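Q: no sequence on this one, just coordinates:
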């Protein structure tokens, strides 16, 4: 449920290549690659962990799971 909520709160502007998360907004590099995506997405990891703990009360293990699933979903969405 947490992953679904965070994904719903994430907006992707494909035309402007911008992702807006509940935590911050960032521009996607062009050309897009999996490596550049992973480097970029790691910038939000500390904020993501804090968000999951503060808002949803998740522990570290739960946050790791949510992060992996969320990252995969967003990567798939921007690769379309």
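A: Sure thing, it's come through. Just so it is clear, the structure is predicted and the values come from calculations on it, not from any experiment.

Q: which SSE is the residue nearest to residue 6 when sequence neighbours are not counted in?
A: For residue 6, ignoring the flanking residues on the chain, the nearest one in space by CB to CB, 6 or more residues apart in numbering is residue 70 at 5.6 Å. Every residue, glycine included, has its C-beta placed from N, CA and C. Using DSSP states H and E, residue 70 falls within helix 60-78.

Q: may I see the buried residues of that helix?
A: 63, 66, 67, 70, 71, 74 (16 or more other CB atoms under 10 Å).

Q: where do the strands sit along this protein?
A: 11-13, 18-20, 25-27 (DSSP state E).

Q: tell me the one of the buried residues of helix 60-78 nearest residue 20?
A: residue 74 (11.4 Å; CB to CB).

Q: residues contacting that closest one?
A: By CB atoms under 8 Å, 6 or more residues apart in numbering, the residues touching residue 74 are 7, 10, 12, 19, 41.

Q: so which of the residues you listed comes closest to residue 56?
A: So of the contacts of residue 74, ranked by how close each gets to residue 56 (CB to CB), first place is residue 7, at 13.5 Å.

Q: tally of neighbours for the closest one?
A: 14 (other CB atoms under 10 Å).

Q: gap between it and residue 67?
A: For residue 7, the distance to residue 67 (CB to CB, to the nearest Å) stands at 12 Å.

Q: now do residue 79
A: 18 Å.

Q: next: residue 14.
A: From residue 14 to residue 67 the distance is 23 Å (CB to CB).
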